[in-house]
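S.K.: Predicted model, plus sequence, below.
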Amino acid sequence: MRLPISVLDLAPIGRDQTPTDSIAASVALAQAAEEHGYRRVWYAEHHNMPSIASSATSVLIAHVGAHTREIRLGAGGVMLPNHAPLTIAEQFGTLEAMYPGRIDLGLGRAPGSDQNTMYALRRDPASSNAFPQDVLELQGYLNGQTRVPGVDAVPGKGSGVPLYVLGSSMFGAQLAAALGLPYAFASHFAPTMLTEAVAAYRREFRPSAQLDSPYVIAAVNVIAADTAEAAGEHRQAARRARVQALLGRGRTFTDAEADALLDTPGGRQVDQMFSYAAVGTPRDVRDYLDRFVEHADADELIVAHQPTTTEARLRSVALLAEAMTAVAV
């Protein structure tokens, strides 16, 4: 591939599926990504969401690691204010001990939940204010230079698990730049500030022990199919699934009900979230991503394959890899 392509696995629990089905699909997706030359697969921490199975991110990474050989695996990301930095250092230090040289740790500060879920997590609503300090504390545990006297992460100490700052605003961009860390922008669902945040990150970047020059990972939605018609059908199914996730509140919508909701202001938010989406045949998708890389000023793309069935997601993984590799030859 001309530039690194990675996978953001949203671990969806589809209609008539169980978490067991979703986790099996995540294993299959990681295996397909490994086979087709993707660089890494990341999983995001979400809580109290009936359609997402990646709440225990480190556990999922451990399971997928046992069923793959060399592809990098990580969090995209752990919502650090939900956790003590020492706990995350121990979890990802353990993963690094299990799968040396394969583990990434992306960090975000968003709650990823509502007020009741924050209570259930025993999270202080103000805890995100300490995110920069928590990142530094976590980094200290992992690089063997603890900031808490007498406390080390075991496993974790000296493991050097690489950190990435995730964001969708200027805050994350400026923090990543100040700390000299790679920056991953969540443009697959929060596209508004992409170009401004990346420009600020590159402008303000300060080299660090981990990274000597800026490195941007931009997220983008992809639906690659054998025909444009099939891709369009998958796109509509993905829109319906997203409006179900956002507005379902325990109900299951029929296709007609979902389509009607997509025409409401709340439903139109779905299309805003899909602002950056490569949909179509392999050539269509490749041409879109070529333009997106330039627009995002990205060093790497992380792709959320959006078809709602496992079979179609695996096909999208393969078609995108073949299209991008064919141009590189």
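M.R.: Cool, the structure landed.

S.K.: CA only for contacts and neighbour counts going forward, please
M.R.: Will do.

S.K.: what helix or strand is the residue lying farthest from the centre of the chain on?
M.R.: Within the chain, the residue lying farthest from the chain centre (Cα atoms, centre = their mean) is Gly150, at 33.8 Å. Using DSSP states H and E, Gly150 maps to neither a helix nor a strand.

S.K.: The nearest residue to His63 once chain neighbours are set aside: neighbouring residues, count only.
M.R.: Nearest residue to His63 in three dimensions, chain neighbours excluded: Val27, at 8.0 Å (Cα to Cα, 6 or more residues apart in numbering). Counted with other Cα atoms under 10 Å, the neighbours of Val27 add up to 20.

S.K.: list the contacts for Val27?
M.R.: By Cα atoms under 8 Å, 6 or more residues apart in numbering, the contact set of Val27 is 63-64, 67.

S.K.: ok, of those, which come out buried?
M.R.: For the contacts of Val27, a burial check counting by 16 or more other Cα atoms under 10 Å picks out Val64.

S.K.: got CSV for the contacts of Val27, with pLDDT too?
M.R.: Shown next, in CSV, are these (pLDDT from 0 to 100):
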residue, pLDDT
His63, 98
Val64, 98
His67, 98
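
S.K.: any chance you could map the helices in the stretch 1-150 of the chain?
M.R.: When assigned using DSSP state H, counting those that start in this stretch, the helices of the stretch 1-150 of the chain occupy the ranges 19-35, 57-65, 85-98, 115-120, 131-143.

S.K.: And those: which comes nearest Gly280?
M.R.: Gly280 lies closest, by Cα to Cα, to one member of the helices of the stretch 1-150 of the chain: helix 19-35, at 19.4 Å.

S.K.: pLDDT on that closest one, on average?
M.R.: The predicted model assigns helix 19-35 a mean pLDDT of 98.

S.K.: Just the CA coordinates for the lowest-mean-pLDDT helix or strand in the chain, please, in PDB.
M.R.: Here the helix or strand of the chain ranked lowest by mean pLDDT, DSSP states H and E is helix 115-120, holding a mean of 84. Taking Å, rounded to 0.1, in the frame of the first residue of the first chain, the C-alpha atoms of helix 115-120 are listed here in PDB:
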ATOM      1  CA  GLN A 115     -24.600  10.800  33.200                       C
ATOM      2  CA  ASN A 116     -26.000   7.600  34.600                       C
ATOM      3  CA  THR A 117     -23.300   5.600  33.000                       C
ATOM      4  CA  MET A 118     -20.700   7.900  34.300                       C
ATOM      5  CA  TYR A 119     -22.100   7.300  37.800                       C
ATOM      6  CA  ALA A 120     -22.000   3.500  37.200                       C
END
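
S.K.: Pull out the buried residues from that helix.
M.R.: By neighbour count on 16+ other Cα under 10 Å, the buried set for helix 115-120 is Met118.

S.K.: how distant is that helix from the center of its chain?
M.R.: The chain centroid and the centroid of helix 115-120 are separated by 23 Å under Cα atoms, centre = their mean, to the nearest Å.

S.K.: Confirm Phe222 sits in a strand?
M.R.: Not Phe; residue 222 is Val. Yes: counting by DSSP: H, G, I helix; E, B strand; the rest coil, Val222 falls inside a strand.

S.K.: List the contacts of it.
M.R.: 277-279, 285, 303-306, 316.

S.K.: Filter those down to just the ones in strands.
M.R.: Among these, the members found in strands (DSSP state E) are 277-279, 303-305.

S.K.: contacting residues for the residue farthest from the centre of the chain?
M.R.: Gly150 neighbours (Cα under 8 Å, 6+ apart): none.

S.K.: All further residue positions should be reported with the first residue as 4.
M.R.: Sounds good: first residue 4 from here, last item Gly153.

S.K.: residue contacts, the residue nearest to Thr312 when sequence neighbours are not counted?
M.R.: Once flanking residues are discounted, Thr312 sits nearest to Gly17: 7.5 Å by Cα to Cα, 6+ apart. Contacts of Gly17 were listed using Cα under 8 Å, 6+ apart, and they are 25, 54, 311-312.

S.K.: Relative to Val81, which of these is nearest.
M.R.: Of all these, Ser54 has the smallest distance to Val81: 18.1 Å, by Cα to Cα.

S.K.: Now do the nearest residue to the closest one once chain neighbours are set aside against Ser29, distance only.
M.R.: In space, and not counting its chain neighbours, Ser54 is closest to Ile16: 4.7 Å by Cα to Cα, 6+ apart. In this structure, Ile16 and Ser29 are 10 Å apart, going by Cα to Cα, to the nearest Å.

S.K.: Give the residue from the two that has the larger number of neighbours.
M.R.: Remark: of Ile16 and Ser29, Ser29 carries more neighbours, 25 against 22, as counted by other Cα under 10 Å.

S.K.: number of nearby residues for Glu314?
M.R.: 12.
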